[in-house]
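Student: The sequence isn't on hand, but the structure is:
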């Protein structure tokens with residue numbers, strides 16, 4: 001079997017196609033969660049805590065060179081070591097929300113699977129010759 005035909009067989013298996021669709025949907029879903037976190041949740045959390053923008057939270061780990069503004073973008077551009085913990089907070093909250101949503105989806109799917117049990121398999125029909133033999137046997141028992 002040639003390399004091309006082996007690859008075609010691999011790529012067209014159901015599991016690979018399902019995985020590809022899942023990755024694409026997951027990437028799009030991740031963007032939605034990023035927007036929910038960045039545009040809806042973090043501004044509310046920032047307003048409660050008193051900081052409006054978590055991405056602007058950082059600690060400078062070195063000396064700030066003269067002429068460089070003291071903001072995260074300018075410090076990173078100048079190559080100053082910066083501990084940007086605000087961005088980490090945003091990404092961690094994003095992960096927790098995404099993990100919770102996936103947990104709820106899997107929980108719902110499992111609940112739906114339990115509620116719709118498969119119908120029990122019907123007993124196979126008894127062959128006609130077996131039925132006739134049983135009738136003969138039962139008839140002989142009745143005469144005795």
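Tutor: Nice, I can see it. Fair warning: this is a prediction, and the values are worked out from it, not measured in the lab.

Student: Give me the pLDDT for the residue most central in space within the chain.
Tutor: The chain has residue 102 as the residue nearest its centroid, 5.0 Å off, counting by C-alpha atoms, centre = their mean. Note for residue 102: predicted pLDDT of 80.

Student: Quickly find the element holding it.
Tutor: Element membership for residue 102 (DSSP states H and E) is helix 85-115.

Student: tell me which residues in that helix are buried?
Tutor: Within helix 85-115, the residues that count as buried by 16 or more other C-beta atoms under 10 Å are 86, 90, 93-94, 98. C-beta here means a position set from N, CA and C on the backbone, and glycine is covered the same way.

Student: Quick one: distance of that helix to the chain centre.
Tutor: 8 Å (C-alpha atoms, centre = their mean, to the nearest Å).

Student: Next secondary structure after it?
Tutor: Downstream of helix 85-115, the first helix or strand assigned by DSSP H and E is helix 128-143.

Student: Just checking the distance from that following helix to the centre of its chain.
Tutor: With C-alpha atoms, centre = their mean as the basis, helix 128-143 stands 60 Å off its chain's centre.

Student: Fine by me, we can end here.
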